[in-house]
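# no sequence on this one, just coordinates:
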């Protein structure tokens, strides 16, 4: 590799308040255009912004969750620029003194764990939205989003691949939903990323010129956009051209990035403190109140699952993809040993997740409850049913036919584990398959698998597979 990739992400998480950051207008998604923008949102003469306490508390919650510094005094500034969907001609944001500084987020790519450092997280208002599709030759403006509360979360340039950037975005998405500050709905624009991408030759320490890819609202687009941009920048440099700092957009239809405008620097926005808003003071009492309401965080839950159930870090990460999923596993595995815990984890990550994906459901809509899954796993663990039978039982539970014990009884699925009964079946199979017995003794291992199949067929699939293997090998060795 001659080139090193350097990536930093800026993520806008829409905070889950019912009203906007400086007004009482609704933040509900899907309303008719321009029905949720009040005088404060569009800065009509004489109106004054009033800060939403819920937005502040959600920002503090995030800062505590990532181990950042909560500034007891922060300031709102006006970021001045002119765009059709910015009705005031400025955006209220935070610049020199944000509410959160620093913090870290741990990510995992394959078997490698990495810490991504955060620069800051600051509060700001969203702009409106320009609409191009439904207006022939014109642009429509919808100001419903104007004033919607955002937390902009900025990383250091710590990531070195598109895979790391996606892992970070997924971990952040999990966290903001876990601590209930953002619904994470990427299709509705509640969680969107800007990727700052540059390249440099291996061994260099100075950062290359970056280009910022704006408004990536899916993990797949984030990966595709970075991969294309990296190859484009390398190609430009190798062909003797210089990279110009710019803001670019990703076109999912072509898989390419294209320049939107040359990149502004901070001084171009002429930041200055907003004269209509006092400095934000965070008291120790408010800080303590928010801290006391924090749930156990994903990292701690992962560590608990690894220690308590001997799960791999990868499995623990899968089970903490959401707080609801972690709670489901906790309920299913509660009071069990490591063996039961692993079985529960395997079924949740395997058959249950597959079925949820097929039907477009989340874990809260599962037709197999945590208690039902545990009873199914218990019947596997005590050899009442085999793993193959369990799949049929799972399907029946999903279809609403009852719990595991009811279905096993109704369908006659109880596994044969009586050694005497199994020995009789094995003896019959050996007696009627002399050629396969001879083949096995001649060193043909496939013959053994065939004999196992014959025993399972003779028992109508009810024989305990492990016992069948043990009995067959003992008798064939005799």
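Okay, I see it. What you are looking at is a predicted structure, and each value in this text was computed from that prediction instead of being measured. Numbers count the residues shown, from 1 in each chain.
# and the chain, what are its domains?
3-289, 296-411, 419-477 (automatic domain parsing).
# Would you convert the ones you listed into a markdown table that also reports mean neighbour count and mean pLDDT?
Glycine gets a C-beta too; all of them are placed from N, C-alpha and C. Shown next, in a markdown table, are the domains of the chain (neighbours: other CB atoms under 10 Å; pLDDT from 0 to 100):
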| stretch | mean neighbour count | mean pLDDT |
| --- | --- | --- |
| domain 3-289 | 17 | 95 |
| domain 296-411 | 17 | 95 |
| domain 419-477 | 15 | 81 |
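# Spit out the contact partners of the residue lying closest to residue 18 once chain neighbours are set aside.
Distances taken as CB to CB, 6 or more residues apart in numbering put residue 27 closest to residue 18, at 6.3 Å, once the chain neighbours are dropped. Listed by CB atoms under 8 Å, 6 or more residues apart in numbering, the contact set of residue 27 reads 14, 17-20, 36, 148-149.
# swap the cut-off to 10 Å and go again
Each residue near residue 27 by CB atoms under 10 Å, 6 or more residues apart in numbering is listed here: 14-21, 36, 52, 126, 144-145, 147-149, 190.
# Narrow those to those in strands?
Among those, the members falling in strands (DSSP state E) are 14, 149.
# Which helix or strand contains residue 175?
Here residue 175, judged by DSSP states H and E, is contained in helix 162-178.
# strands paired with the helix or strand just after that helix, and their directions?
The C-terminal neighbour of helix 162-178 among helices and strands, as given by DSSP H and E, is strand 191-201. Strand 191-201 has the following strand partners under DSSP bridges: strand 3-14 (antiparallel), strand 211-216 (antiparallel).
# can you give me the angle strand 191-201 makes with helix 162-178?
Inter-element angle recorded for strand 191-201 and helix 162-178: 150 degrees (by axes from the mean of the first three to the mean of the last three CA atoms, to 10 degrees).
# Figure out how far strand 191-201 is from the centre of its chain.
The chain centroid and the centroid of strand 191-201 are separated by 19 Å, computed with CA atoms, centre = their mean, to the nearest Å.
# What is the helix or strand where residue 141 lies packed up against?
In this structure, residue 141 sits in strand 140-142 according to DSSP H and E. The elements that strand 140-142 packs onto, with contact taken as 3 or more CB pairs under 10 Å, 6 or more residues apart in numbering; DSSP states H and E, are strand 129-131.
# what comes into contact with the strand it packs on?
33, 83-85, 138-146, 189.
# which pair in these spans the largest distance?
Farthest apart among those by CB to CB are 138 and 189. That separation is 22.3 Å.
# which stretches of the stretch 1-150 of the chain form helices?
With helices called from DSSP state H, counting those that start in this stretch, the stretch 1-150 of the chain shows them at 53-65.
# And the stretch 201-350 of the chain, by the same measure?
Per DSSP H, counting those that start in this stretch, the stretch 201-350 of the chain carries helices over the ranges 219-238, 284-292, 298-309, 313-319, 323-333, 338-347.
# re the thing from before, relative to helix 323-333, how tilted is the helix holding residue 175?
80 degrees.
# Now do helix 162-178: distance to the chain's middle.
On CA atoms, centre = their mean, the centre of helix 162-178 falls 6 Å from that of its chain.
# Could you verify my assumption that residue 197 touches residue 207?
No - Residue 197 lies out of contact with residue 207 (CB atoms under 10 Å); the separation is 11.1 Å.
# Find residues that contact each of the two.
By CB under 10 Å, 6+ apart, the residues touching both residue 197 and residue 207 are 6, 8, 157.
# Present these as CSV; the columns should include distance to residue 411.
Below are those laid out as CSV (distance: CB to CB, whole Å):
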residue, distance to residue 411
6, 59
8, 57
157, 59
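# Can you tell me the centre-most residue of the protein?
residue 170 (4.0 Å; CA atoms, centre = their mean).
# which residues does the closest residue to that residue other than its chain neighbours contact?
Nearest residue to residue 170, sequence neighbours excluded (CB to CB, 6+ apart): residue 219, at 6.2 Å. Residues counted as contacts of residue 219 (CB under 10 Å, 6+ apart) are 165-167, 169-170, 173, 186, 193.
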